[in-house]
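# need the 3D shape of this:
(chains A and B)
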Amino acid sequence: MNSKVRVRFAPSPTGPLHIGGLRTALYNYLFAKKHEGTFILRVEDTDNSRYVEGAEDYIKEALDWCGLTPDESPFHDGEFGPYRQSERKAIYKDYAQQLIDNGHAYYAFDTPEDLDKLRQEQEAFGDKFIYGAHNRNELNNSLKVSEKETLEYIESGKPYVIRFKMPMAKQLAIRDNIRGNIQIKTNDLDDKILFKSDGMPTYHLANIVDDHLMEITHVIRGEEWLPSLALHVLLYDAFGWKAPKFAHLPLILKPFGKGKLSKRDGDKHGFPVFPLEWKDPATGAISSGYREEFYLPEATINMLALLGWNDGTEQELYSLEELVDKFSIERVHKAGAKFNPEKTKWFQHQYIQKVDDSVLAEEFKDWLRAEKQIETTLDFTLKIVSLLKERLTFMPDLWNESYFFFQAPTQFNPKSSKKAWKEDTAPIMTNFISFLEAETDFSKEQIQPKIKGWITDQGLGFGKVMMPLRLALVGDMKGPDVFEMVSLLGKTEAINRLKFALNTLN
RNA sequence: GGUCCGUUCGUCUAGUGGUUAGGACGUCAGGUUUUCAUCCUGAUAACAGGGGUUCGAUUCCCCUACGGACUACCA
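Residues are numbered from 1 along each chain as shown, chains lettered A, B, ... in the order given. A predicted model of the protein is given here:
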């Protein structure tokens, strides 16, 4: 091959990028890097009315968070810019004109109202109105009126659009790198608008022109574009250009029920649908993001990569570098995949276990200050992290598993009390306190054998002491190794908690 | 409605013209943890249905059913 691989991710800035879009970006990135090619971000903002403030920055930030930074983008110029279609406006008109000149397109003067009326009439018969080969000669366009009239219309400022002249009765066989051959008859296709009356191209024209000009070699996009594939291939033909290779990705579906994943599913079932938190500028409504919900970008990416692709082995955990190495577009699954929030948490659990203890300890220390107004030392949070890390999925779980190190219990879980604090517990604990008061070294290494020895000497079962001790320290029958807790809490605090339990539970 | 795409455990998926149809998540049961969580072990559970082709189909073909996308001067 003479041409270097160039792929693009081409979102429209109409709102936050959701995880389906992010996965499309990911697969494009992986494909590009796998083939030592270029990953391009092109912003498709040809519809001004749908532009949403902040959406473009959101896309950039989301990609950066995931480590999918484009090689060329509106934020990082390359040789093929600009990378925002609104800034390429001047380019498209000439290409539309070129298609008119070579007979592949024509002017149409039908107003939106005219078309609405035709649609309604047609629907009254239970039919669908199609602007196409069978009726284009009867509609208000440059194929029907003379060339002179067409010119007059245009010069007089009459609004017009430019439509593609869909060839009749052509049988197309188009190759898709994921789906194989796709058969399409052009008879069913309509004369799509390529150029709008507001002077902007539609997606179809802008997309093909830009992909050509930017020398895109592979178009990897969502399945929702499959119905437009024929049009796009025909457009390349009409221009006399070589079409890129295509691959259409399966959709991400709702975890419960039917249909594709939507923002509402996240709200309803309490999982993020967006990589980053998003505040709707119009309504102020907030949608949660993976980043703000404490998912690691590595976990998010790994989960997304496996949703519709695998390398044929039983491996499930991949770094981004490994994904680049193993990825192949042919191994992308054809069918849509239901999103699985539980499995996503499992990925997160796997990844947080790989994070260095000191990193978590530092974060936790900051979190304690910000969220709980607790000042502590790095040394202490580091001890807590090493004690509790294996049970974490999200960073704040650290608090849920360790809050009793920062605050003494004020009440006791009734169910646990019933199990751990029996009739004969009080005298045992009274003796136990006296024993502890005589001890000085509360390091785990020293205190553990001492306590065990004391229990044995007293002729007691371990449960008689260990269970009430845990209850007194935590307020509940949970938490890490009880000797670790005694040691970390220290002599004074441990004894105070025992005394409080003694007073409260009798 | 039309066009196109799809269909393996509940979910994500592996796989082959002859397999005990494999893994992971989930669920359940044991074990570890004298607690809880983690962790470990085990169990559970699938080739949508009907026709072909074939000595033999989950695998190849057709039909049906079901699911999905699209059907805008939106992308």
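# just the buried residues of stretch A:268-283, please?
For stretch A:268-283, burial by neighbour count (16 or more other CB atoms under 10 Å) applies to A:271-278. Where you see a C-beta, it was placed from the backbone N, CA and C, and this is true even at glycine.
# now A:Asp114, nearest residue through space, not along the chain?
Excluding its sequence neighbours, the residue lying closest to A:Asp114 (CB to CB, 6 or more residues apart in numbering) is A:Asn140, at 6.8 Å.
# do I have it right that that neighbour meets A:Asp110?
Yes. With contact defined as CB atoms under 8 Å, A:Asn140 reaches A:Asp110; the gap is 4.7 Å.
# neighbours of the closest residue to A:Val145 other than its chain neighbours, how many?
Take A:Val145 and drop its neighbours on the chain: the residue closest to it by CB to CB, 6+ apart is A:Tyr153, 7.5 Å away. Residues within reach of A:Tyr153, counting by other CB atoms under 10 Å, total 17.
# just the pLDDT for the residue in chain A that RNA strand B sits nearest to.
In chain A, the residue found nearest to RNA strand B is A:Phe462; the distance is 1.4 Å by CB to the nearest atom of the strand. pLDDT recorded at A:Phe462 is 91.
# could you verify my assumption that it touches A:Ile455?
Yes. Applying CB under 8 Å, one finds A:Phe462 in contact with A:Ile455, separated by 5.9 Å.
# residues in the stretch 151-300 of chain A within reach of RNA strand B, list them.
A:159, A:161, A:179-180, A:182-185, A:188, A:190, A:193, A:196-198, A:200, A:202-203, A:223-228, A:250-251, A:253, A:255, A:258-260 (CB under 7 Å from any atom of the strand).
# give me the buried subset of those residues.
By 16+ other CB under 10 Å, these give A:161, A:179, A:182, A:184, A:190, A:193, A:196, A:200, A:202-203, A:223, A:225-226, A:228, A:250-251, A:253, A:255 as buried.
# show me chain A divided up by domain.
A:6-74+A:208-253, A:90-196, A:357-405, A:414-505 (automatic domain parsing).
# list phi and psi for the residue of chain A closest to RNA strand B.
Note on A:Phe462: its backbone torsions stand at phi -60, psi -40 [degrees, to the nearest 10].
# can you pull the contacts of it?
A:452, A:455 (CB atoms under 8 Å, 6 or more residues apart in numbering).
# swap in the one 4 residues further on?
Residues in contact with A:Met466, defined by CB under 8 Å, 6+ apart, are A:455, A:482.
# secondary structure element holding it?
Per DSSP states H and E, A:Met466 falls inside helix A:462-474.
# and that helix, C-alpha only, in CSV?
Extracted in CSV, the C-alpha atoms of helix A:462-474 (Å, rounded to 0.1, in the frame of the first residue of the first chain):
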residue,chain,number,x,y,z
PHE,A,462,-11.7,-16.7,71.0
GLY,A,463,-15.2,-15.6,69.9
LYS,A,464,-16.0,-14.5,73.5
VAL,A,465,-13.4,-11.7,73.2
MET,A,466,-12.8,-11.1,69.5
MET,A,467,-16.4,-10.5,68.6
PRO,A,468,-17.3,-8.0,71.4
LEU,A,469,-13.9,-6.3,70.8
ARG,A,470,-14.7,-5.9,67.1
LEU,A,471,-18.2,-4.6,68.0
ALA,A,472,-16.7,-2.1,70.4
LEU,A,473,-14.1,-0.8,68.0
VAL,A,474,-16.3,-0.6,64.9
